[in-house]
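Chemist: Have a look; sequence and predicted model below, questions after that.
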Amino acid sequence: MVKTILSTNPKSSGSNPATGRSESETPSREFPLEKLRNIGIIAHIDAGKTTVTERILYYTGTTYKIGEVDSGTATMDWMDQERERGITITSAATSCYWRDYRINIIDTPGHVDFTAEVERSLRVLDGGVVVFDAVSGVEPQSETVWRQANKYGVPRICFVNKMDRVGADFQHTMDMIDERLGAKSLNVQIPWGVEADFRGMLDLVEDKAWSFSDKQQSKPEAIDIPPEYQDQFQKAKAKFLEKLAENDDQFLITYLEGRAISIREIKLAIRRATLATKIVPVLCGTALRNKGVQLLLDAIVDYLPSPDDIPPVHGTHPRTGETVVREANDKTPFSALAFKVVADPFVGRLVYFRVYSGCVKPGDQVYNATRENKERIGRLLLMHANQRHEINQADTGSIAATLGLKNTFTGDTLCDISNPVILETIRFPEPVISVAIEPKTKADQDRLGQALNSLSEEDPTFKVRHDKDTGQTLISGMGELHLEVLVERMFREFGVSARVGKPQVAYRETITQHVKVEGRFIKQVGGHGQYGRVWVEFEPAKPGEGYIFVDGIRGGTIPKEYIPPVEQGIRESMGSGSLAGYPVVDIKATLVDGSYHEVDSSDMAFKMAGALAFKEAMERAKPILLEPIMKMEVSTPEEFLGDVIGDISARRGQLEGIEERGTTKIIRCTIPLAETFGYATTLRSLSQGRATYTMEFLSYLELSPNLAEQVVSKGKVRTFGV
C-alpha cells in the first residue's frame, strides 16, 4: 500500500527547537511553484533511506519524536510486515516545510523485489536524493535506481550516510559514483573526521565547518575551518571550483575572471548544473547520529528543481495523436497522472495522482483519457502514513489521493474533459518468478479471486493467470520475497489462507513417424447400433504448426456430414497423449478411407472412430516429450561473466552470443523452462545482485530420453519458476 504522508496545517504545531524557527513562519497552503520540491529518497537496501526521512520529519517539525527502523517505530514504515522485517516494502511519501519551502518526499523501498515502487515514484517526482552507505559505497540496487532516474531524467543529489561506521570512506564512495554509475560527482562538503571521530563536515560552498552533537535537539554549529584542516580544505576547494567551472559555462566566465566569487554565485551555478544533470552534488553525514540532515535539507531547497524548473509536460491528444504541451500553472487545463491504486480497508479504493497542470476540487468531473471514460472526483485526501487528512483542492505540483474513481488504474491520465491529453504512462519490468497458489478451504476460494484482483490492481508487477494446461492459478512477481509478502498480505488484509507451491511445466507430446491406422467403433445392442470406421494417416508436422487435418476422402466412402465429427474426435483426444498425459502438438492427420452404415452410422460413432484412430497412432508412431524452451538475455558486469555462463551451461542452456555494452556484457542464450526455477535468486548470488535478465518463450524442443523417462516414470509434471 502506498503511504503518502502530507502534513496538516503546520501553523498549529507550535515550534521545534531543532529547526531554529517558529512553525508559524511556515506557509500552510498554496505555495508558489518555485517554493515547492517533489523529491524521492532512493538507494540500496539498508543504506539508511528511512532513517534519513525520519530525521527530516523531525527537524522540519512534522513529527516530534524520531521513529527508528530497528525498533519498529518508524513513521514511514507503518505496515506490520515492514516493522517486523525492518525493511521498506511500499513507497511512503511525506510533506514537510523548511525555510518557507514545501518539500514533498517519497521514501522508496531498497530491495530489488520492490523496484516497481521506485519506478512509479520517479515517474511523478522532479528530483531525487540518493543515499549511499559510506562503507559499502555504490551497491547493486543503487545501480538499478540510478538507471531508473536516468530514464526519467531526474536531477539528483547524493548523501553519503553512515560516516561514523568503521571502514567509512567518503572519497572511495565518490569514486564509485563516477566509475560505476557514470556520473560526475561534485562534493560540496568534505568530512570532518571519520568513523568514531566523525564530527561534522567542512563546507566548500560557504567556507565554514559545521559541528554536530549526537543530541537530537541540538542545532549544527558553524565555526571557522580548523587550522589542521586548512591545507586539505584549500586543495578540495580549488578542485571543487574547477570542476564546477567545467560544467557550467556561466560560472566558467566568472571563474576565469579571477575575481572573488560569492556564495550566491556558487549556489546558482551548482543548481544550474544539477538541473541540467551535468553534475551530482555530494554531501555526507550520519542520519542515525543526527549529523548532516539539516544541511541535506538546505541542499534539497538550493539545488533540486521545483515543478516550475522542469520542462512543460508533453502528451498526445487521444483522438488526433498530436503533441500537447501542458505548462505547470494553476490556470492551465487540468492534467494529472495516476501512479498508485490502493485498496484501503477503511475508506475503500484510493487512487494517488500527481497534478502536472491546473487544479481539481472534490466533486469535479474529470476525463480518463487513457480509458476514454468520465470520472467524478470524490474526497481529496492527503495522508500521513496510514492516517488521512481531507483537503479542498489539489493544485499544480500536488501529490494527493482521491476516492470515487472506479475505472482508473496505475499509469492512467486524468485531465480536463474539454482539453484531453494522454501523458506518458509508467512502464514496469516484467515479473521474473512464478508460483502456483490454491485456497486452503472452500470459504477461502471465494475470497481468493477478490484478493488477487485487488493486489494486482495495486501492484503492476504482480500478475495472475490461469494455466489451462495444468489447471493451476499462477501468480508472478519480481522475486521470492515479493511473492511472500503478497501472500502474507492476502491473509492479513483479506483473510485468505492459501497454499503456495511450484507451478508445473507444461510439457507437450508429439509423434516422430508416419503411420496409417484404422479406427473402428461398431456396437450393436438391440435396435439401432453404432457404426463408424475410418482409416487415417498420421505424420509429424513442422514445429509450431499445431494440428493439421486433411480431408482425403475420394468416391464418397464416408458421407461429408461425418467428416467433421472425425476431425473433432481427433482434436479432443489430443488433449492427452500416451506417454504421460500431456497435450499433443504438431501432427498432421489425413482421413483417407472408411465405411459407413446407412442405419447405424452417426456423428457420435465417427467421432469415437477418430478418437480410437488417434489413440492407435500414438502407440505406433514413436511419441516423444517436448519441453518449452525460453529465449533469455542476461546483463552482467564483466567480472561475473564466467560464473554466469557456467551456471547457464549447468542448466542445459545453449549460448548464442555475447555482446558488449559499455562495461556490461550481454549474454544471449536459450534455456529449458524447467531449469529456470530459482534462477533470479541464483543470478543475484553469482553477481552480488548486479546482473539482471529477461526471458520469453521461444519454442518446444524434444526432451532428452533420460529426462523424458524421469518425467514419465514419476507420472506427474516437473516444477519450475520463471
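Modeler: Everything's here; your move. None of the values given here were measured: they were computed from a predicted structure.
Chemist: Of all residues in this protein, which one is nearest the centre?
Modeler: Centroid-nearest residue in the chain, with Cα atoms, centre = their mean: Ala116, separated by 2.1 Å.
Chemist: residues in contact with that residue?
Modeler: Residues near Ala116 by Cβ atoms under 8 Å, 6 or more residues apart in numbering: 428-429, 459-461, 478. The way it works is simple: take the backbone N, C-alpha and C, and place the C-beta from them, glycine included.
Chemist: Just the buried ones from those?
Modeler: Listed as buried from the contacts of Ala116 are 428, 459-461, 478; burial here means 16 or more other Cβ atoms under 10 Å.
Chemist: top strand in this structure by residue count?
Modeler: Criterion DSSP state E: the longest strand present in the chain is strand 624-637.
Chemist: what lines up beside it in the sheet?
Modeler: Here strand 624-637 is paired, per DSSP bridges, with strand 508-510 (antiparallel), strand 664-672 (antiparallel), strand 692-702 (antiparallel).
Chemist: helices or strands up against the helix or strand following that strand?
Modeler: Next helix or strand after strand 624-637 toward the C-terminus (DSSP states H and E): helix 641-650. Here helix 641-650 touches strand 624-637, strand 654-661, strand 664-672, helix 679-686, going by 3 or more Cβ pairs under 8 Å, 6 or more residues apart in numbering; DSSP states H and E.
Chemist: so which of those gets nearest Gly193?
Modeler: The closest of the helices and strands packed on helix 641-650 to Gly193 is strand 624-637. By Cβ to Cβ, the value is 33.4 Å.
Chemist: okay, the angle between that closest one and strand 654-661?
Modeler: When axes from the mean of the first three to the mean of the last three Cα atoms, to 10 degrees is applied, the directions of strand 624-637 and strand 654-661 differ by 20 degrees.
Chemist: in the stretch 51-200 of the chain, which spans are helices?
Modeler: 80-85, 115-124, 140-151, 170-181 (DSSP state H, counting those that start in this stretch).
Chemist: which residues touch the nearest residue to Glu322 once chain neighbours are set aside?
Modeler: Nearest residue to Glu322, sequence neighbours excluded (Cβ to Cβ, 6 or more residues apart in numbering): Thr316, at 6.8 Å. Shown in contact with Thr316 (Cβ under 8 Å, 6+ apart): 322-324, 421-422.
Chemist: Rebuild these as a markdown table, extending it with pLDDT, neighbour count and distance to Ser602.
Modeler: Shown next, in a markdown table, are those (pLDDT from 0 to 100; neighbours: other Cβ atoms under 10 Å; distance: Cβ to Cβ, whole Å):
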| residue | pLDDT | neighbour count | distance to Ser602 |
| --- | --- | --- | --- |
| Glu322 | 90 | 9 | 63 |
| Thr323 | 91 | 10 | 65 |
| Val324 | 91 | 21 | 65 |
| Val421 | 94 | 26 | 63 |
| Ile422 | 94 | 20 | 57 |
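Chemist: if we can go back for a sec, make TSV out of the contacts of Ala116 and add distance to His597.
Modeler: Formatted as TSV, the contacts of Ala116 follow (distance: Cβ to Cβ, whole Å):
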residue	distance to His597
Phe428	62
Pro429	62
Asp459	61
Pro460	60
Thr461	60
Met478	62
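Chemist: what are the ranges of the strands in the stretch 401-550 of the chain?
Modeler: Assigned by DSSP state E, counting those that start in this stretch, the stretch 401-550 of the chain shows strands spanning 413-415, 422-423, 433-439, 463-467, 472-477, 498-501, 508-510, 515-523, 530-540, 547-551.
Chemist: Out of those, indicate the one that is most buried.
Modeler: Across these, averaging neighbours per residue (mean count of other Cβ atoms under 10 Å) puts strand 413-415 on top, at a mean of 27.
Chemist: picking up where we left off before, local confidence estimate at the residue nearest to Glu322?
Modeler: Here, the pLDDT recorded for Thr316 equals 92.
Chemist: Could you shift the numbering so residue one becomes 414, and keep it that way?
Modeler: Okay, using 414 as the starting number, the last item reads as Thr729.
Chemist: what is it paired to in the beta sheet?
Modeler: Thr736, Ile835.
Chemist: any idea how far it lies from Glu678?
Modeler: Going from Thr729 to Glu678 by Cβ to Cβ, to the nearest Å gives 41 Å.
Chemist: Figure out which of the strands of the stretch 814-963 of the chain is closest to Ser1062.
Modeler: Judged by Cβ to Cβ, the one of these that comes nearest to Ser1062 is strand 846-852, at 21.5 Å.
Chemist: circling back to that earlier point, closest one of the contacts of Ala529 to Phe904?
Modeler: Looking across those and measuring by Cβ to Cβ, the closest to Phe904 is Asp872, at 16.5 Å.
Chemist: I'd guessed the closest one sits against Leu899; true?
Modeler: Yes: applying Cβ atoms under 8 Å as the test, Asp872 and Leu899 come out as touching, 7.3 Å apart.
Chemist: Could you tell me which residues touch both of these two?
Modeler: Shared contacts of Asp872 and Leu899, defined by Cβ under 8 Å, 6+ apart, comprise Gly890.
Chemist: Strands of the stretch 614-763 of the chain, residue ranges please.
Modeler: 621-624, 634-636, 693-697, 726-729, 736-739, 748-757, 761-770.
Chemist: tell me the pLDDT at the residue nearest to the centre of the chain?
Modeler: pLDDT, Ala529: 73.
Chemist: ok so, going back, can you list the strands of the stretch 814-963 of the chain in CSV and add distance to Ile713?
Modeler: Shown next, in CSV, are these (distance: least, Cβ to Cβ, whole Å):
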stretch, distance to Ile713
strand 826-828, 28
strand 835-836, 25
strand 846-852, 37
strand 876-880, 36
strand 885-890, 33
strand 911-914, 42
strand 921-923, 57
strand 928-936, 76
strand 943-953, 67
strand 960-964, 63
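Chemist: of those, which approaches Asp722 most closely?
Modeler: Evaluated with Cβ to Cβ, those place strand 835-836 nearest to Asp722, the distance being 18.5 Å.
Chemist: quick one on the thing from earlier: pLDDT and distance to Val779 added to the buried ones among the contacts of Ala529, as TSV?
Modeler: Below are the buried ones among the contacts of Ala529 laid out as TSV (pLDDT from 0 to 100; distance: Cβ to Cβ, whole Å):
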residue	pLDDT	distance to Val779
Phe841	81	24
Asp872	84	24
Pro873	85	22
Thr874	83	27
Met891	75	32
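Chemist: would you turn those residues into a markdown table with distance to Lys819?
Modeler: Formatted as a markdown table, the buried ones among the contacts of Ala529 follow (distance: Cβ to Cβ, whole Å):
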| residue | distance to Lys819 |
| --- | --- |
| Phe841 | 22 |
| Asp872 | 19 |
| Pro873 | 18 |
| Thr874 | 23 |
| Met891 | 28 |
